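In: Pasting a predicted model and its sequence here:
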Amino acid sequence: MSKANSIDIQPRDFVNGDVLIPGSKSYTNRAIAIAALAEGQTVIEHALVSEDTEFIAKGMESFGNVHIDIDAEKERMLVNRKPAAPIAPKQPIFFGNAGTPIRFAITMASLANGVSELTGNERMQHRPCQDLIDALVQLGVKAHVIRGTGCPPIQVEGPSLRGGKAKIRGSVSSQYTSSILISAPYAERDVELEITDDLTSKPYVDMTVGIMKDFGVEVERDGYRRFKVRAGQRYRSGTYRVEPDASNMSYFLAAAAITRGRVCIPGINTSSLQGDVKFIDLLEQMGCCVEKETDYIAVSGKQMRGIDADMNRMPDIVPTLAVMAAFAEGRTHIYNIGNLRIKECDRIAAVENELRKMGIDTESTEDTLTVYGGKPTGAVIDTYDDHRIAMAFAIAGLKTPGVVINNPSCTAKSFPTFWEILNGLS
Ligand SMILES: O=C(O)C1=C[C@@H](OP(=O)(O)O)[C@@H](O)[C@H](O)C1
Ligand SMILES: C=C(OP(=O)(O)O)C(=O)O
């Protein structure tokens, strides 16, 4: 990880080669949370070791009955869950700006004995959790937002996860639904969730249901409307291997696209439940040549044209798409992305500001972003403490001279080895 305050990106004629992508952030977060509930030892292989996954690991350890050994070099985590019941820690549990970890831990705190307080950094204290709290209260949980803002810090008193039926809003974040599903087998009664609106970021809920099954728990469901988890089911500890991170794959596929090189990502294919594997279809629509094989995905860059893209299922790679769109011919219209405004930063505003600095025209509404392709020029890019802004704009610098990325170490949230891998590209 770079500790410098900024990095000058060196343009390349073209980028070529295989890129090994570390494990998925979303699967690693889920595997840690589930392993913390599964008695015995779970080995998580090809785990992502990053700020966010360390926050959830520490969060789980703070309940006193879990010990996690992390070996960053071997990309392995050993999660040991003792038979003892979880106990609320005396100190608040701090999650930085790790949205998924704090939201998963809120429901888990309802299984612990005593009063837990969960909090995060300044930005996390503006990221909403109210819909999750409202649903948990219907399930018997004693939880509330301390300052009445709908955001952390949050207090949860347990054990209080009784179960039963709850209605939950899904259009702000899918993480609330995933959070309840993960802890649901440990409720006193069956848990039935009804989503009252259009669930956002749907593939992440599929990932949750998929990994719960891998650990031995069934979720009954009616599409994205109703979910039921029968009480008394228990996760089985064992060995779990994490797939490469599809969101982080996007930066290197974009590098191939923009420089008209070829990049191959081994170890992942398009049948993955990670919604962001579908990035490859966007690249194809934009005019790139793509290879979708069972053991790898590859992209060869060509002149790109703008597209219309509903990115509701792939929110995290909107910055990557927007940066690619700056190099494409014509207009790219990205829609159905309202919840980008409540991520690590307001990502619609951030992408617009920084593309405009590069001489690219953009327009936005509350939930859309339009990018007019052109010839981006060099600029000093502010990153808003947001890993995805830093990584997406770094890719622009492989083509455009004079791109400088401020605060590059923010990539440690999900991809601590990003700069090393980028520098190693030929
Ligand atoms: O469940 C998950 O692992 C995630 C869900 C998504 O959040 P939203 O459902 O809030 O869009 C995504 O943006 C986040 O990076 C990871
Ligand atoms: C939005 C993200 O993460 P989280 O919500 O877990 O903070 C992300 O990684 O892009």
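Out: Good, I have the coordinates. Ligands and ions are numbered 1, 2, ... in the order given.

In: where exactly do the strands run in the stretch 51-200 of the chain?
Out: Ranges of strands within the stretch 51-200 of the chain are 66-71, 76-81, 93-94, 114-119, 142-145, 154-158, 164-168, 191-195, based on DSSP state E, counting those that start in this stretch.

In: centre of the chain versus the shortest one, how much separation?
Out: Centroid displacement of strand 93-94 relative to its chain, using CA atoms, centre = their mean, to the nearest Å, is 19 Å.

In: gap between Gln91 and ligand 2?
Out: 22 Å (CB to the nearest ligand atom, to the nearest Å). No exception for glycine: its C-beta is placed from N, CA and C like everyone else's.

In: For that residue, give me its contacts.
Out: Ser62 (CB atoms under 8 Å, 6 or more residues apart in numbering).

In: Need the strands of the stretch 51-200 of the chain in JSON lines (columns: mean pLDDT and mean neighbour count).
Out: Putting the strands of the stretch 51-200 of the chain into JSON lines (pLDDT from 0 to 100; neighbours: other CB atoms under 10 Å) gives the following:
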{"stretch": "strand 66-71", "mean pLDDT": "98", "mean neighbour count": "16"}
{"stretch": "strand 76-81", "mean pLDDT": "98", "mean neighbour count": "21"}
{"stretch": "strand 93-94", "mean pLDDT": "98", "mean neighbour count": "22"}
{"stretch": "strand 114-119", "mean pLDDT": "98", "mean neighbour count": "20"}
{"stretch": "strand 142-145", "mean pLDDT": "98", "mean neighbour count": "18"}
{"stretch": "strand 154-158", "mean pLDDT": "98", "mean neighbour count": "23"}
{"stretch": "strand 164-168", "mean pLDDT": "98", "mean neighbour count": "16"}
{"stretch": "strand 191-195", "mean pLDDT": "98", "mean neighbour count": "21"}
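
In: so can I have JSON lines of those strands showing distance to Phe104?
Out: Below are those laid out as JSON lines (distance: least, CB to CB, whole Å):
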{"stretch": "strand 66-71", "distance to Phe104": "14"}
{"stretch": "strand 76-81", "distance to Phe104": "14"}
{"stretch": "strand 93-94", "distance to Phe104": "12"}
{"stretch": "strand 114-119", "distance to Phe104": "10"}
{"stretch": "strand 142-145", "distance to Phe104": "14"}
{"stretch": "strand 154-158", "distance to Phe104": "12"}
{"stretch": "strand 164-168", "distance to Phe104": "15"}
{"stretch": "strand 191-195", "distance to Phe104": "15"}
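
In: pretty sure Leu253 contacts Cys264?
Out: No: here Leu253 does not reach Cys264: they are 9.5 Å apart, not a contact under CB atoms under 8 Å.
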